[in-house]
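# structure of the sequence below:
(2 chains)
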Amino acid sequence: GQQLNQSPQSMFIQEGEDVSMNCTSSSIFNTWLWYKQDPGEGPVLLIALYKAGELTSNGRLTAQFGITRKDSFLNISASIPSDVGIYFCAGQRGGADGLTFGKGTHLIIQP
Amino acid sequence: DAGVIQSPRHEVTEMGQEVTLRCKPISGHNSLFWYRQTMMRGLELLIYFNNNVPIDDSGMPEDRFSAKMPNASFSTLKIQPSEPRDSAVYFCASSLTGVRGNTIYFGEGSWLTVV
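Okay, the predicted model is just below:
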């Protein structure tokens, strides 16, 4: 089925650094979402984007819905240890459709 | 408020046995999704229901997999017979469709190991 190309696959950074990850698709999505998954837990929604070009922030997190509707990025500023985890992008075509997920970005923070 | 509730959290079973995973969506939600997560394939949508009706089951791997939603507060995903390659984490998720800004909420997952 449809896959989203998410990069990078993993990131090793120092505490306090900024983080950037992105997702691209060959087809259009009408909603882009970013989730975080901690070990042993289900994905938890961080940010949802509903309009092309939209830029949304949630604390230290900022995400943008690409103007072509085929891409999105997520930035985390001033990373802290609890940011460690796997971040997933997800696209949704219609409001009643399931989500298509990227393969995830593993974020590892070195103190 | 209770989130999406899944059971069992962990199951180890022998190849050939029947496995039933259960899900209680968030009260009031009208869409329910079943996902499977593996290292190789990531998160894959298996099937989703809207108002208890299956809408898209194209992600169900094969006939050994079946899902039902007999009412708005309960769904099952059944694997019969199970095989080692079915080992994965199975997530149930729910949302209130038709509301702009609807969020899909995930349960904590059912960790299945088939030996």
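# contacts, neighbours, all on C-alpha from now
Will do.
# for chain A, what lies in contact range of chain B?
Within chain A, the positions adjacent to chain B are A:1, A:40-45, A:48, A:50, A:95-96, A:98-104 by Cα under 8 Å from any Cα of the partner chain.
# switch the cut-off to 10 Å
A:1-3, A:31, A:33, A:40-45, A:47-50, A:88, A:90, A:94-104 (Cα under 10 Å from any Cα of the partner chain).
# mark which of those are buried, thanks.
For these, a burial check counting by 16 or more other Cα atoms under 10 Å in any protein chain shown picks out A:3, A:31, A:33, A:42-45, A:47-50, A:88, A:90, A:95-104.
# where do the strands sit along the chain?
Using chain A here. Here chain A has its strands, by DSSP state E, at A:5-7, A:10-14, A:19-24, A:31-37, A:44-49, A:55-58, A:61-65, A:71-76, A:85-92, A:100-101, A:105-110.
# chain B, not that one
Remark: strands assigned in chain B by DSSP E are B:5-7, B:10-13, B:19-24, B:31-38, B:42-50, B:53-56, B:65-71, B:74-79, B:88-95, B:105-106, B:110-114.
# so who does B:Asn50 touch?
Contact analysis of B:Asn50 by Cα atoms under 10 Å, 6 or more residues apart in numbering or on different chains lists A:96-97, B:29-33, B:56, B:69, B:72, B:94-97.
# just among the residues you listed, which is most surrounded?
Neighbour tally across the contacts of B:Asn50 (other Cα atoms under 10 Å in any protein chain shown): the maximum, 34 neighbours, falls on B:Leu32.
# and the pLDDT at that one?
Note on B:Leu32: pLDDT of 95.
# I'd like the strands of chain B as JSON lines, with distance to A:Phe73 appended.
Formatted as JSON lines, these follow (distance: least, Cα to Cα, whole Å):
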{"stretch": "strand B:5-7", "distance to A:Phe73": "31"}
{"stretch": "strand B:10-13", "distance to A:Phe73": "34"}
{"stretch": "strand B:19-24", "distance to A:Phe73": "32"}
{"stretch": "strand B:31-38", "distance to A:Phe73": "22"}
{"stretch": "strand B:42-50", "distance to A:Phe73": "19"}
{"stretch": "strand B:53-56", "distance to A:Phe73": "28"}
{"stretch": "strand B:65-71", "distance to A:Phe73": "34"}
{"stretch": "strand B:74-79", "distance to A:Phe73": "34"}
{"stretch": "strand B:88-95", "distance to A:Phe73": "24"}
{"stretch": "strand B:105-106", "distance to A:Phe73": "21"}
{"stretch": "strand B:110-114", "distance to A:Phe73": "30"}
